[in-house]
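K.L.:
please work out how this folds:
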Amino acid sequence: MSAVSDRNIAIKRILDTLYARAIDNNLPIDESEYQESLDMLFSTTAWGFREILLVVVVGMNLDSSFRASTGLYDCNPRAIYEGPIKDFLIEKEIPHRKSGPLNIAKATVGLDTTWAAQRRPAKVAFEVVNLIQYMENTEGNSINKINNIGVSLLRRLISESKRIEALTVEIEPSADPEFLYYLCYELITKVPDAGNTPQKIIAFLLKNYHKSMDTGIIVTGEEDRASVTSTTSKKPGDVNEESSCGIIYKVYEVTVKPFDLARIRDSYDSILKYNRANNTSLDEIMVICRKEDCPIDIKNSGLHSFIGSYGYQNITYYYLDIYEWISDRLYHMTQEGRIAFYNDLNSYISDINTAETVKVLWSNLHQ
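P.N.:
Numbers count the residues shown, from 1 in each chain. Below is the predicted model:
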């Protein structure tokens with residue numbers, strides 16, 4: 001067995017032990033020395049702070065000499081979080097992000113006050129530092145301090161999971177395009193969730209349109225979050241229509257933020273790299289957005305659904321009104337396709353990792 005396998009088994013054992021203690025209602029934990037700091041980590045929607053603390057707890061259990069304050073990467077945080085820790089969180093249905101703790105600690109030597117001052121919200125980051133200093137304090141039984149924080153952290157994570165699960169909505173199948181459009185409009189305008197909401201809606205609509213029409217076209221991008229870059233996904237757009245063998249027919253960028261020259265340049269670079277790497281010649285991008293997200297000097301069409309076009313180098317960007325596009329797509333789908341879209345959207349919103357603001361609005365829309 002490899003060293004990595006041994007490490008992962010050890011991490012699973014650590015987490016299972018902490019979890020067993022966390023769900024033991026007869027096990028009291030004195031949190032008086034760290035309760036306020038730990039509670040602060042649950043006052044923000046930036047989940048990475050609680051996740052990085054879990055990484056540190058595991059790292060200190062693996063190696064008693066590990067000090068996150070001076071050498072965070074000594075415990076290989078990316079490998080242990082994206083491997084055994086995330087597997088554990090998925091198994092226990094605990095909300096988490098794909099690389100949450102790594103994103104807030106990228107290129108960081110240690111989790112200290114310098115790091116905390118650069119994070120947002122800084123007051124939460126400083127509490128992470130306080131908790132780490134508490135665990136690293138050699139006075140008293142340090143392993144007990146570490147594991148008590150681990151148990152307390154898991155208890156809060158379990159409580160969060162149960163609270164969020166209670167927001168799950170039981171839906172009645174509906175193929176009513178007016179009702180479905182209303183849901184989409186409300187979600188996009190009120191809880192865009194950093195672009196995740198519109199991207200999921202567009203991807204689900206395209207996917208179920210093609211499935212219900214049996215076109216054979218594959219839609220990719222529905223599994224990605226809006227924060228995933230084209231470099232990471234190795235795809236040229238947020239959502240793509242492809243052949244069964246991976247040939248891209250159409251590229252879609254989906255946004256409710258300005259898709260201006262800066263965004264166009266980023267998009268152009270990713271298209272250029274994709275074309276070179278795959279010997280393709282993609283030169284048209286569909287930008288599904290709001291009218292106010294278009295460049296000032298767009299070539300206006302004078303139409304409602306198709307807003308206009310913008311040429312950059314050898315790429316043409318066609319801007320489509322997101323609300324008109326959604327309505328049009330819904331009316332062109334079969335009833336079965338609309339029902340499947342509704343189910344996909346509900347499943348996504350019910351997922352433990354979807355933002356709570358989205359869940360709350362979805363629940364309110366169905367009351």
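K.L.:
so what's Thr70 up against?
P.N.:
Val109, Gly110, Asp112 (Cβ atoms under 8 Å, 6 or more residues apart in numbering). Every residue, glycine included, has its C-beta placed from N, CA and C.
K.L.:
one more: Ile149?
P.N.:
By Cβ under 8 Å, 6+ apart, the residues touching Ile149 are Tyr34, Leu38, Leu53, Val57, Leu131, Tyr134, Met135.
K.L.:
just the CA trace of the helix or strand containing it, in PDB.
P.N.:
Assessed by DSSP states H and E, Ile149 sits inside helix 142-165. Output in PDB follows, covering the C-alpha atoms of helix 142-165 (Å, rounded to 0.1, in the frame of the first residue of the first chain):
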ATOM      1  CA  SER A 142      -2.900  20.100  23.100                       C
ATOM      2  CA  ILE A 143      -4.300  17.000  21.300                       C
ATOM      3  CA  ASN A 144      -7.500  17.400  23.500                       C
ATOM      4  CA  LYS A 145      -7.700  21.000  22.400                       C
ATOM      5  CA  ILE A 146      -7.400  20.100  18.800                       C
ATOM      6  CA  ASN A 147      -9.900  17.300  18.900                       C
ATOM      7  CA  ASN A 148     -12.400  19.300  21.000                       C
ATOM      8  CA  ILE A 149     -12.400  22.000  18.300                       C
ATOM      9  CA  GLY A 150     -12.700  19.300  15.700                       C
ATOM     10  CA  VAL A 151     -15.800  17.900  17.500                       C
ATOM     11  CA  SER A 152     -17.300  21.300  18.000                       C
ATOM     12  CA  LEU A 153     -16.700  22.200  14.400                       C
ATOM     13  CA  LEU A 154     -18.400  19.000  13.200                       C
ATOM     14  CA  ARG A 155     -21.300  19.500  15.500                       C
ATOM     15  CA  ARG A 156     -21.900  22.900  13.900                       C
ATOM     16  CA  LEU A 157     -21.500  21.500  10.400                       C
ATOM     17  CA  ILE A 158     -24.000  18.700  11.100                       C
ATOM     18  CA  SER A 159     -26.400  21.300  12.500                       C
ATOM     19  CA  GLU A 160     -26.000  23.400   9.300                       C
ATOM     20  CA  SER A 161     -26.700  20.300   7.200                       C
ATOM     21  CA  LYS A 162     -29.900  19.600   9.000                       C
ATOM     22  CA  ARG A 163     -31.000  23.200   8.900                       C
ATOM     23  CA  ILE A 164     -30.400  23.400   5.100                       C
ATOM     24  CA  GLU A 165     -32.000  20.100   4.400                       C
END
